[in-house]
Structure formats: C-alpha cells, structure tokens
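[1] missing the sequence, but the structure's below:
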Ligand SMILES: *Cc1c(COP(=O)(O)O)cnc(C)c1O
C-alpha cells in the first residue's frame, strides 16, 4: 500500500491512525461536493447572509440529518465533542458546586467539559463493560451529584438501564458520551438517544468526521431550545436582524462552521456502510481470537449492539496483557492499544487533573471536590490491566483481514503457550 485514496502515504496513514476511528478513510467526492456548495457562495457561517447562500444551510441540514439518524426530536451541532459535552451540561443547568460522576477510563474531554461549566468531575470505577459500573456509581452519589456521564468507550456501551434507574431514584441527569460509539444501539435505540442528552464528536479521528465538530441530541424541547441559544453567545435567534436579538441568558461561542458541517453531512450518510464494514471485519478477527480459550471479550450489556469500532480483549493477567500487546506489535498487528499505560485515556496518567494543575484558580468547590479523586480504583485497574483494544479499519481488503486474524491468533498464542 503506497497511498490510501491518493491522500496519505502508508507511513502517514499509520501515524494518523494512532487512535483513529476511520471516518477519514472515506473522504471522497461526496464530501468535496458538499464543501463546494459552501465555497461557491462563500457564506461560512450558519446564521444570517440569507440572500447570499443560495439556499445552503449546512449546519442546519446536518442537525436535521443527525436527529433523524439518531431518532431524537432535536440535535444541535457544535464545534467539537468537548463543546457538545459542555453545552449538554450547561443546558441541564449544571454549574458551580455540582458534581458529575464519570468513569476512570475515558478521554480527558470528559473532565474538561465538567470543569468548563464550573462543576466538579468525580471519578468512578468501571467494570467488565469497560464503562461505568452501576454499583460503584450508586456508592459515589452524594447530595451534590447532579448528573451521571457514562462514556461508551471503544464501540460499546454502559449498562444504561441500571444507570437510568439510579438517575430516576436520585433525580439526576443521564448524559451519554457516545463520541466513540456512534452507530451502536441499546434497547433498540441509537446510542446517545437513551439518556436525557447524548453527545458525539466529529473530530478528525472519529467514525464520522467534520474535521473538527460535535453534536448533541435530546428529546427535551427545553434542553434543545437552550442549546441553540447557549452555543451562540445566548442569542435568542428571533427575527432576521442578528444585531437586534436579545440574550435571555449567558452563553458561549461553540458554533460549527458551514465548511465543517458540509463534510459532516456527507460523512453521516456513510454511517450505515461504515458500521457494516466494521462489523464484518470485527467478526472475522473475533472468530479467530475466540479459538484461544484464555482470551475473553468485553461484556456488552443485554440489548446492546456494538458499533464494532474496536475489538476489546481480556487476557488472564496484567503481565500476560502487557506481553500480548508487545507480541501483537512484533507480529505486525498495528493499532492495538494497552490503555492501562496510556497518557490520555486512563486516570493513572491524569496528574494534571489529580494535582489540579490549572493555569488559573479553580473554584473552592472544585478544589475540595477533586480531592475525592485522589485514590486508587482497584476494580478499574483489574479490568484495564488486562485489556487490549484493537482498532477496526475500513480500508482493509478481505485478504488483509484474514492475514491480520491469523497474525493476531499467532501473537496471542505465542504469549499464552508459555504459561
Ligand atoms: C473524542 C472524544 C471526545 C472529545 O471530542 P473532540 O471533538 O475531540 O473534542 C469526548 N469523549 C470521548 C470519549 C472521545 O473519544
């Protein structure tokens, strides 16, 4: 493979895909056409300039498509997945003094968004779903808790039914971070649509990409109405004179540009095909690895359907997982991750959070609340220490998947046979 779709050399491609879910693998004529619409009229902003835009409202169109695809009443697109989480928390009325429960295994964006609205992230153990453990969440709830934020890491989901029951009992908001699992389902519903609010990232390494972008979905008219105002400085969006609009409450600027939205429209249309390809490739790899009895798989909650973005494996012990991760590399199986040692996705390396290395002062409530996170999370360590996640790509040929399956099996067996 010299170039991929004439865009990347093989080396660039593999560097890019360090932790990349493959939306950008599909960048093609469809994306270019949508972007060209915007370039042809030159209106790069979603609001105003009605006379010049030749009928193109790409952000609005992406919102309609996203709501339809996710079977929710409303969608709001924003400038990133982190922004989507921040807006979701803000529209749910979460702020200073409030605590939000989040998992020890996630991307740093989870606590960034919570801190950004003035609230306090409280870490909580994960279980063999690699997402929030409902029993641990129950033990973490305090009178200050306002929301539970499960993160559907690596293509599969949290036990949403159990988490929703806790939310109902304690009057909490259920906010799903589905940034890494777009296209999966739970209880017959698209991931992100089960909770009160759901968030997606469309950054360059996600399953659906806008370059940079994000979206939130909800069935709440109140949240949706707050979201379009909040993400645009509090503009009420009434009338056709932007400068004369009023501002019912404080907001920020988390708008998505028309250029980015245009890419997202074409990408979202490819989602079903993307998931089907991921499922096909995932299944071949999983069947091969299943022949090794000592290797087990991440638990998918009942009624859950993965997005198949990753194949997630458990080795019997931490040592074996480390060895297996090395062996996979030696056998030429790229894009497999040992998150336990990873700088960005596991609490052990979040010293900037745990030591409160903030450029400006954090609030008193945050400074106190964050102390609760300075501890070990034994159950999380048990699971993450044994976990390896292997990325599923779209561009593999049938031959390459078969070859990869054989190499994976060989690599894992080489480590397990010496036991
Ligand atoms: C990518 C990601 C985000 C943040 O999205 P950005 O668009 O990069 O800001 C949030 N949560 C998870 C789980 C992610 O993987």
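    Structure received. Since this is a predicted model, take the numbers as computed values, not measurements. Residues are numbered from 1 along each chain as shown.
[2] I'd say residue 344 and residue 107 touch.
    Yes: counting by CB atoms under 8 Å, residue 344 touches residue 107, with 6.3 Å between them. Backbone N, C-alpha and C define where each C-beta goes, glycine included.
[3] Can you give me the neighbour number for the closest residue to residue 414 other than its chain neighbours?
    Nearest residue to residue 414 in three dimensions, chain neighbours excluded: residue 327, at 5.4 Å (CB to CB, 6 or more residues apart in numbering). Using other CB atoms under 10 Å, residue 327 is surrounded by 21 other residues.
[4] ok, residue 327 to residue 333 distance?
    Counting by CB to CB, to the nearest Å, the gap from residue 327 to residue 333 is 9 Å.
[5] joint contacts of those two?
    Common contact partners of residue 327 and residue 333 (CB atoms under 8 Å, 6 or more residues apart in numbering): residue 411.
[6] Just the element for residue 411, please.
    With secondary structure defined by DSSP states H and E, residue 411 is part of helix 398-416.
[7] buried ones in that helix?
    For helix 398-416, the buried set under the neighbour-count rule, 16 or more other CB atoms under 10 Å, comprises 401, 404, 405, 407, 408, 409, 411, 412, 413, 415, 416.
[8] mind putting those in TSV, pLDDT and distance to residue 170 included?
    Output for the buried residues of helix 398-416, formatted as TSV (pLDDT from 0 to 100; distance: CB to CB, whole Å):
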residue	pLDDT	distance to residue 170
401	97	45
404	97	45
405	98	45
407	97	48
408	98	43
409	97	46
411	97	45
412	97	42
413	96	47
415	95	44
416	93	44
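[9] ok, back up a step: so the host helix or strand of the residue nearest to residue 414 versus helix 398-416, what angle?
    Following DSSP H and E, one finds residue 327 within helix 318-330. Helix 318-330 runs at 140 degrees relative to helix 398-416, counting by axes from the mean of the first three to the mean of the last three CA atoms, to 10 degrees.
[10] Now helix 318-330: average pLDDT?
    In this model, helix 318-330 has an average pLDDT of 97.
[11] That one: how far from the chain's middle?
    Relative to its chain's centre, helix 318-330 lies at 26 Å (CA atoms, centre = their mean, to the nearest Å).
[12] What about whatever residue of the chain ends up closest to the ligand, how many residues nearby?
    Proximity of the chain to the ligand (CB to the nearest ligand atom) peaks at residue 81, 2.4 Å away. Applying other CB under 10 Å, we find 27 residues neighbouring residue 81.
[13] which residues does it contact?
    109, 177, 179, 199, 200, 201, 202, 203, 206, 214.
[14] now do residue 96
    Residue 96 touches 118, 119, 363, 365, counting by CB under 8 Å, 6+ apart.
[15] Read off the pLDDT value for it.
    pLDDT at residue 96 comes out at 97.
[16] now it, nearest residue through space, not along the chain?
    residue 118 (4.1 Å).
[17] element containing that neighbour, please.
    Following DSSP H and E, one finds residue 118 outside all helices and strands.
[18] Let me know whether residue 274 touches residue 394 as I believe.
    Yes: using CB under 8 Å, residue 274 is in contact with residue 394, at 6.3 Å.
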